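S.K.: Just need the structure, nothing else, for what follows:
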Amino acid sequence: MIKDSTIFVGLDLGDKTSEICILDEEGEVVEESRVPTITTGLKRRFSCLPSCRAAMEVGTHSRWASQPLKEMGHEVLVANARKLRLIYENAHKGDGADAEYLAWLVRLDPKLLSP
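M.R.: This is a model prediction of the structure:
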């Protein structure tokens, strides 16, 4: 576990592209972007980040998508989507919003994700 992480990332994995939201240690959004949902796309984006704590919802792509990030030294938490009412009952539901909520949760308390 990365205890001194200053970068917190939420990923909303899609079939073709994934939304990324990056927060700094103060909880401010420093980046919102989209990457191809392929190993090289994830590696390219995460290779230039310092060790971070990242969260993604469990799903079709979460197992393989978490592996390259872990191999680069990032802490990756795969959230139990059924326990995240904040996301699945959100009136402003969308991939970007989901990524941002995951980033906030992984920054505040990873236990909230029920990994």
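
S.K.: Who are the packing partners of the helix or strand in which residue 77 is found?
M.R.: Per DSSP states H and E: residue 77 is located in strand 75-79. Strand 75-79 sits against strand 53-57, helix 62-71, helix 95-108, with contacts defined as 3 or more C-beta pairs under 8 Å, 6 or more residues apart in numbering; DSSP states H and E. All C-beta spots, glycine's among them, are computed from the backbone N, C-alpha and C.

S.K.: secondary structure class for residue 33?
M.R.: Put simply, residue 33 is strand when judged by DSSP: H, G, I helix; E, B strand; the rest coil.

S.K.: quick one: it from residue 80, how far?
M.R.: Distance, residue 33 to residue 80, using C-beta to C-beta, to the nearest Å: 25 Å.

S.K.: Could you do residue 11 as well?
M.R.: 15 Å.

S.K.: Which of these two has more residues huddled nearby?
M.R.: Of the pair residue 11 and residue 80, residue 11 is the one with more neighbours under other C-beta atoms under 10 Å, namely 31 against 12.

S.K.: which residues touch the more buried one?
M.R.: Counting by C-beta atoms under 8 Å, 6 or more residues apart in numbering, residue 11 makes contact with 18-20, 54-56, 65, 99, 102.

S.K.: how about the helix or strand that contains it: buried residues?
M.R.: Assessed by DSSP H and E, residue 11 sits inside strand 8-12. Neighbour-count burial for strand 8-12, with 16 or more other C-beta atoms under 10 Å as criterion, is recorded at 8-12.

S.K.: what angle separates that strand from strand 53-57?
M.R.: Comparing the axes of strand 8-12 and strand 53-57 via axes from the mean of the first three to the mean of the last three C-alpha atoms, to 10 degrees yields an angle of 20 degrees.

S.K.: Since that was my last question, I'll sign off now.
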